[in-house]
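Novice: Following is a predicted model, sequence given first.
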Amino acid sequence: MARGATIKLDVFRCRPEDERGTFRSYDVPYREHWVVLDALNWIKDYMDGTLSYRWSCRMGVCGSCGMMINGQPALSCAVFLKSYYPNSIRVEPLSYFPVDRDLMIDLEGFLAKLKSIKPWIIHEDEKPLEAGEYLQTPGELAAFKQYSMCINCMLCYAACPVVGAEEDFLGPAVIALAQRYNLDSRDQGAEERSVAIDADEGIWGCTFVGECTEVCPKQVDPAGAIQRAKVASAKNWYSKLLPWGER
Amino acid sequence: MKNRYMTPLGWYWFLQRPAFRAFMAREATSVAVAGYLVFVLILLNAIGDGPVAYDRVVVNLKQPLAVFGHVLVFGAALYHSITWFNLTPKAMPIYIGEDRVADFWAAILMGYLPWLVVSAVVLWAVTR
Ligand code: SF4
Ligand code: FES
């Protein structure tokens, strides 16, 4: 690597009043240990203070720095410049979300969907505090643990063509989170959640493209969660047809 | 609030990522499979119409175009089956106790093995 080497970032810029965005190029110092987020921070500090984007933890935990990097949804704090150098890098906001400004997307729709599946533990009978904790075996924990690893980064949404085509589709992470609670032995809210989940805008909207699972930085496997929810729902439906089934 | 900019999902969306292309190929091959079922119905109908009609269909089947069509449909059906067999464990993972059976083995157990058994039975039935 030459001293003083630079790498070019083509960054999407868009103000709230703009009909469409434009790309602006920045030549940023190239450092082997820099991630794309470091380069954006450098731009903001030394070249263009108007650039807007979200980030917080810089370690793949907070889920706020998701962007399209060369067309691929990724956490900008987890992608190194050296994976692209000497080629340039194109940075865009996550696909299929309204853009608030530059690389910042509007989260409202996602948050409303998340709320609709009641992402909290619902008890049929609340125990008094004195009765102690709701205990769980390691096996019961394993049943849902993977889905609880989601950091709400929404990369899976930007990888899903159904999200792009159907505004109301709940989307991968929200359904995976519903599964996280449905499969929790302490929870009895599956029936309540099924109104949103067992619907065309829920699991049945999914066509199993499977790319959500590929881009997920936390190995949540939302595609798997949705298909398993479909299997469970179908089994439930057939069992109701049986004379001895619950109705 | 005014309409804000959003990356559009153009009609060409399925060309944009390799996984989308693979997905569309998987969906498109189902058309070939469905089309073949129509052909099987025509064949059954010909059997119902008696030996002459049936023989005529058999002669037509030996035309190069018919053979070519069969090869195409066979390829499509193979792609369709294999991609779905490989996806089955994702929808229906098998657990032994708390351990998830590797997708590779689960696919063999739920897809490839039954496929082989059924194929062997069919082969035995038609060649015996
Ligand atoms: S499922 Fe994965 S990709 Fe989707 S929001 Fe959660 S962590 Fe991000
Ligand atoms: S900054 Fe927190 S995940 Fe990237």
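Specialist: That came in fine, so what should we check first? Ligands and ions are numbered 1, 2, ... in the order given.
Novice: Show me what the helix or strand hosting residue B:74 is packed up against.
Specialist: Assigned by DSSP states H and E, residue B:74 belongs to helix B:64-91. Under the contact definition 3 or more Cβ pairs under 8 Å, 6 or more residues apart in numbering or on different chains; DSSP states H and E, helix B:64-91 sits against helix A:222-241, helix B:18-48, helix B:51-61, helix B:103-107. (Glycine included, C-beta is placed from N, CA and C.)
Novice: What residues does chain B have near chain A?
Specialist: Within chain B, the positions adjacent to chain A are B:2, B:4-9, B:13-14, B:16-17, B:19-20, B:23, B:27, B:87, B:90-93, B:98 by Cβ under 8 Å from any Cβ of the partner chain.
Novice: per-residue confidence at the most centrally placed residue in chain A?
Specialist: Central residue of chain A (Cα atoms, centre = their mean): residue A:154, 2.3 Å from the mean position. On pLDDT, residue A:154 comes in at 98.
Novice: So it sits against residue A:174, correct?
Specialist: No - with contact defined as Cβ atoms under 8 Å, residue A:154 does not count as touching residue A:174 (9.9 Å).
Novice: what is in contact with these two at once?
Specialist: Common neighbours of residue A:154 and residue A:174 (criterion: Cβ atoms under 8 Å, 6 or more residues apart in numbering or on different chains): residue A:110.
Novice: and the closest residue in space to residue A:185 that isn't next to it in sequence, what element?
Specialist: Excluding the flanking residues, the one nearest residue A:185 by Cβ to Cβ, 6 or more residues apart in numbering or on different chains is residue A:140, at 4.1 Å. Element membership for residue A:140 (DSSP H and E) is helix A:138-142.
Novice: for residue A:7, same thing?
Specialist: strand A:6-13.
Novice: Partner strands of the very next helix or strand once past that strand and their direction?
Specialist: Next helix or strand after strand A:6-13 toward the C-terminus (DSSP H and E): strand A:22-29. The sheet places strand A:22-29 alongside strand A:6-13 (antiparallel), with pairing taken from DSSP bridges.
Novice: Check the offset of the strand it pairs with from the chain's centre.
Specialist: 24 Å (Cα atoms, centre = their mean, to the nearest Å).
Novice: and what of stretch A:17-24?
Specialist: 24 Å.
Novice: Pull the residues that contact it.
Specialist: Applying Cβ under 8 Å, 6+ apart, the contact partners of stretch A:17-24 are A:10, A:11, A:12, A:13, A:14, A:48, A:90, A:99, B:2, B:5.
Novice: and the helix or strand harbouring residue A:162, does that touch ligand 1?
Specialist: Per DSSP H and E, residue A:162 falls inside helix A:161-165. No - against ligand 1, helix A:161-165 shows no contacts by Cβ under 6 Å from any ligand atom, the least distance being 10.8 Å.
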